[in-house]
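[1] Can you look at this prediction? I've put the sequence above it.
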Amino acid sequence: MAITFGVLLDLDHVFAVERYVGNNGVAAMFNATWDDGSGEPWKSLMHYPVGIFVVAPLAIGWRFMVPLLFWGTHIGLDYLQSATLAYSAIIESLVLSALFAGVITVHYRRWRSERPGGNFAQYVSYVSSYIRRALSLGRPAGHRREDTI
């Protein structure tokens, strides 16, 4: 549910892409503005505060406030992005960098608690080997089918 109301909410943009590209060309997809000059909406009703009339009854009926929380967060981030549109590339980069640094810090601390003598270079080596194993197309040596059952 959290993914539906927090992330999949942006799937409505897919329906506007054909019109947007038709009116402005593919290069316009990378501009800082979403206004295609047609006067037609680029976002659905769910991207505006009035969308609470859809989300709140669902959350109350399900007795589960996660949809309301994630929809509200999404609306807040949309507002922040609109309010800082001229600087949004910089702000988004800073937010993404801070989140990335936070995830790496938490993961490194957990890894370090399991390996008290480890240093950051060993951690980078561990992460790179983990990623290589995860992305490998073949099964690792010694992996048997009955191990996964």
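    Cool, the structure landed. Numbers count the residues shown, from 1 in each chain.
[2] Name the next helix or strand downstream of the lowest-mean-pLDDT helix or strand in the chain, please.
    Of all the helices and strands that make up the chain, helix 2-6 has the lowest average by mean pLDDT, DSSP states H and E, namely a mean of 57. Towards the C-terminus, the helix or strand next in line after helix 2-6, according to DSSP states H and E, is helix 12-24.
[3] what's the domain layout of this structure?
    Structural domains of the chain, as assigned by automatic domain parsing, span the residue ranges 1-83, 87-139.
[4] Any idea how many residues pack against Tyr123?
    Taking other Cβ atoms under 10 Å as the criterion, the count of residues near Tyr123 is 16. In this view, the C-beta of every residue, glycine as well, is placed from N, C-alpha and C.
[5] again, but for Tyr108
    Tallying neighbours of Tyr108 according to other Cβ under 10 Å, which is how burial is gauged here, yields 16.
[6] In contact with Gly25, which residues?
    The contact partners of Gly25, taken as Cβ atoms under 8 Å, 6 or more residues apart in numbering, number zero.
[7] Deepest-packed of the domains of the chain, please.
    For these, average neighbour numbers computed from mean count of other Cβ atoms under 10 Å are highest in domain 1-83, which has a mean of 13.
[8] Okay, now the unreliable bits of the protein?
    Scanning the chain with the threshold set as pLDDT under 70 gives 1-9, 12, 29-43, 85-89, 137-149.
[9] so where's the longest helix in it?
    As assigned by DSSP state H, the longest helix anywhere in the chain is helix 88-114.
[10] where's that helix relative to the chain centroid, distance-wise?
    Taking Cα atoms, centre = their mean, to the nearest Å, the mean C-alpha location of helix 88-114 is offset from the chain mean by 14 Å.
[11] which strands and helices sit next to it?
    Packing partners of helix 88-114 (3 or more Cβ pairs under 8 Å, 6 or more residues apart in numbering; DSSP states H and E): helix 66-83, helix 120-135.
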